[in-house]
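>>> Need the 3D shape of this:
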Amino acid sequence: MSVVQQTALTPFTLLEISLKTLARSRVTAARITNLIAVAGIFSIATSAVLAQGSTPAAPAAPAARTTTAAPAETATPAIPDMPLETAAPAPTLKIGDAAPKLVIEKWLKGDAITEFKPGQVYVVEFWATWCGPCIESMPHLSKLAKQYKDKGIHIIGVNIGEQYNEQTAERVQKFVNEQGERMQYHVAYDGSSEAMANAYMNAAQIQGIPACFLVDKEGKIAWIGRPMMLDLALDMFAKGTWDSEKGPAAMAAADKAFEKLFQSSTAEETLVDFAAFETEYPLIAANMADMKFGLLLENKKYSEAYTLANKLVDEAIVSKDVFKLAGIAWTIVAPGAKIEQRDFDLAVKAADKAVEFTQSKNADVLDTAARANFSKGNIARAIELQTAAVALAEGRMKTQLEQNLAEYQAANGKPTDAQAPNTKVPETKPDSPK
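Have a look, this model is predicted:
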């Protein structure tokens with residue numbers, strides 16, 4: 001049984017569907033992507049919703065699939081029918097069990113790993129080309145692979161959940177090649193046999209990606225969870241402090257603290273909880289800077305927010321992380337977002353770099369850059385970028401981008417966001433304490 005077939009609706013899956021269904025504006029799509037990316041999981045069962053909704057601003061757009069992608073700006077798509085199960089079968093793969101053998105159809109990057117060698121630690125991570133959070137996590141996994149390459153720790157990214165046909169392997173290989181330095185670890189292709197998906201994901205009843213399985217020095221499953229939590233686990237292995245009891249307990253405590261961030265009733269409470277989490281789990285919190293940026297904006301701590309955002313943009317430029325650049329730019333310029341002070345210069349800087357890195361071949365990136373430039377008052381540049389975006393787009397996405405282009409063309413010298421008399425600019429001085 002495939003991962004897609006097996007997946008049932010869970011509370012988190014229902015949350016994802018509700019978020020995608022309640023509002024399909026571009027703002028909502030960007031925020032949803034950030035939320036799910038921070039949570040570190042994307043339900044495979046809802047991939048069809050995203051395929052009909054918005055396409056993540058990835059460094060290189062995946063080759064065409066059999067379903068046509070359309071933007072979140074369009075009308076709400078129909079929710080695919082998915083069965084509700086009254087009682088899910090018990091997982092047959094659990095922490096402490098022997099890790100299933102590696103059965104790989106094709107290795108896409110790095111040397112082939114045929115077995116789990118004694119004394120070595122392995123991370124088996126599952127991802128797909130259509131999964132925004134998976135794409136966003138790639139630089140993080142590359143950082144970990146580089147950090148622990150001399151510590152006997154190996155990272156394997158296994159591609160699963162694609163729409164399989166004769167061209168799928170070639171398409172996924174092309175996708176991996178286009179990631180360049182963003183994927184500096186072993187990458188494998190599961191293929192239509194779904195051997196790895198069945199042996200790991202289905203057996204453990206894991207219903208979302210990215211997901212990873214940590215294999216210890218004895219070849220046993222040491223932990224199962226979100227890739228963004230790996231820093232803590234790998235640090236414990238590298239220091240020799242991980243054991244079969246302390247390790248899973250530490251990860252469970254970190255998971256509980258992480259989940260608390262999504263239970264706060266106000267933005268102010270969430271920021272307080274995040275500060276506590278950052279103090280308790282600095283290794284994990286370091287991977288949540290995007291969330292922190294959003295919380296600072298929500299709490300109107302603009303100078304602190306943009307100081308952080310400038311740092312993130314500079315880092316993303318060095319690593320050529322288009323996903324992050326486009327995401328930060330859109331967070332700043334998204335129409336309707338309740339942000340009183342917007343740093344349009346930073347948004348243009350980030351978005352224009354994203355256009356450069358994608359060689360003006362990604363319609364969503366071009367659309368983001370057009371909005372950033374329009375908001376800044378660079379109307380001619382916005383029209384140029386949006387025209388290019390329209391030329392690349394298809395279907396409902398093309399219709400929405402044409403509407404954006406018409407908006408820019410109709411501006412005719414009218415004040416844009418940056419030119420409006422009541423628009424505030426980011427403060428440069430530190431935020432005053434309340």
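
>>> I'd like to know how many residues surround the closest residue to K300 other than its chain neighbours.
In space, and not counting its chain neighbours, K300 is closest to E340: 6.7 Å by C-beta to C-beta, 6 or more residues apart in numbering. All C-beta spots, glycine's among them, are computed from the backbone N, C-alpha and C. E340 is flanked by 11 other residues according to other C-beta atoms under 10 Å.

>>> what's the distance between E340 and S264?
22 Å (C-beta to C-beta, to the nearest Å).

>>> cool, F323 as well?
26 Å.

>>> picking up where we left off before, quick check, the residue nearest to K300 in contact with N299.
No - look at E340 against N299 with C-beta atoms under 8 Å: they stay out of range, at 11.6 Å.

>>> thinking again about what came up before, quick one, which of F323 and S264 is more surrounded?
F323 (24 against 15).

>>> any idea whether the more buried one is helix, strand or coil?
Here F323 is recorded as helix under DSSP: H, G, I helix; E, B strand; the rest coil.

>>> Helix or strand: which one has the nearest residue to it once chain neighbours are set aside?
Residue nearest to F323 in three dimensions, not counting chain neighbours: E136, with 5.1 Å by C-beta to C-beta, 6+ apart. Taking DSSP states H and E as the criterion, E136 maps to helix 132-147.

>>> which parts of whatever helix or strand comes next after that helix are buried?
Next in sequence after helix 132-147, counting helices and strands by DSSP H and E, comes strand 153-159. Neighbour counts over strand 153-159 (16 or more other C-beta atoms under 10 Å) mark 153-159 as buried.

>>> Of the residues you listed, which pair is most distant in space?
Pairwise distances across these (C-beta to C-beta) peak at 20.8 Å, for the pair I153 and N159.

>>> Grab the longest helix from this structure for me.
The longest helix of the chain (DSSP state H) is helix 302-319.

>>> Now that helix: average pLDDT?
Rounded to a whole number, the mean pLDDT of helix 302-319 is 96.

>>> Over to stretch 265-279?
94.

>>> Now do A90 against L405, distance only.
Distance from A90 to L405, by C-beta to C-beta: 54 Å.

>>> who's more crowded, those two?
L405 (19 against 7).

>>> tell me the contacts of the more buried one?
By C-beta atoms under 8 Å, 6 or more residues apart in numbering, the residues touching L405 are 370, 383, 386-387, 389-390.

>>> and it, backbone torsions?
Dihedral angles of L405 (phi, psi; degrees, to the nearest 10) stand at phi -60, psi -40.

>>> Let me see the domain layout of the protein.
106-257, 300-409 (automatic domain parsing).

>>> looking only at pLDDT, what's the mean for the first one?
So that's domain 106-257. Mean pLDDT, domain 106-257: 95.

>>> Next, the distance between the ends of that domain.
38 Å (C-alpha to C-alpha, to the nearest Å).

>>> For stretch 263-270, buried residues please.
Neighbour-count burial for stretch 263-270 [16+ other C-beta under 10 Å]: T270.

>>> ok, now stretch 210-225?
210-217, 219, 221-225.

>>> what's the answer for stretch 395-411, then?
396-398, 400-401, 404-405, 408.

>>> okay, now the spatially closest residue to I153 that is not a sequence neighbour: neighbour count?
In space, and not counting its chain neighbours, I153 is closest to V121: 4.6 Å by C-beta to C-beta, 6+ apart. Applying other C-beta under 10 Å, we find 22 residues neighbouring V121.

>>> how close does V121 get to V103?
In terms of C-beta to C-beta, V121 sits 20 Å off from V103.
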